[in-house]
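K.L.:
no sequence for this one, just the structure:
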C-alpha cells in the first residue's frame, strides 16, 4: 500500500527485493486478502484517513513513484521523505528501479493491461 500511496524510493527498493522471493502477483493477492479481512471499521486507523489507493486494483499505481512530490496536507504532519540509504555492495537504486518497473510491466502484460508509455529521461 505504501508503494502506491507514499511512493517513497525505500518502498520500491524493498518491494523489488521482496518480489525476488515472492512473485509480485502473489504479493498483490496477499494484499487483497489482507484488505478484505481487515476492512471493517474496527480495524480502521490513522492511515485510513487519506483514502489510500489499492495497487491490487490498479497496477499503474506501482509505476507512479518517479513523479513524487511530497506535499504537506494542511493541519497534518508529514513524515515521509524520499531518502534511501543503500548498504555497500547492495543493489543500486537505479538497478532496483529498473527491475521493479520490469516486474510491474510483466504482470500488466500477463493480465492484458497496456502499460503506460515510457517517459523521456530529460
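P.N.:
Structure received. Just so it is clear, the model here is predicted, and its values are computed rather than measured.
K.L.:
pLDDT averaged over the one helix or strand residue 105 maps to, what's the number?
P.N.:
Secondary structure assignment for residue 105, by DSSP states H and E: helix 93-110. For helix 93-110, the mean per-residue pLDDT is 95.
K.L.:
what's the answer for stretch 9-27, then?
P.N.:
Predicted confidence along stretch 9-27 averages 93 (mean pLDDT).
K.L.:
distance from that stretch to the middle of the chain?
P.N.:
In this view, stretch 9-27 has its centroid 9 Å away from the chain centroid, taken as CA atoms, centre = their mean, to the nearest Å.
K.L.:
now do the helix holding residue 105: which elements does it pack against?
P.N.:
The contact analysis (3 or more CB pairs under 8 Å, 6 or more residues apart in numbering; DSSP states H and E) places helix 93-110 against helix 9-18, helix 24-37. For glycine as for every other residue, the C-beta is placed from the backbone atoms N, C-alpha and C.
K.L.:
got the angle between that helix and helix 24-37?
P.N.:
If you take axes from the mean of the first three to the mean of the last three CA atoms, to 10 degrees, helix 93-110 sits at 80 degrees to helix 24-37.
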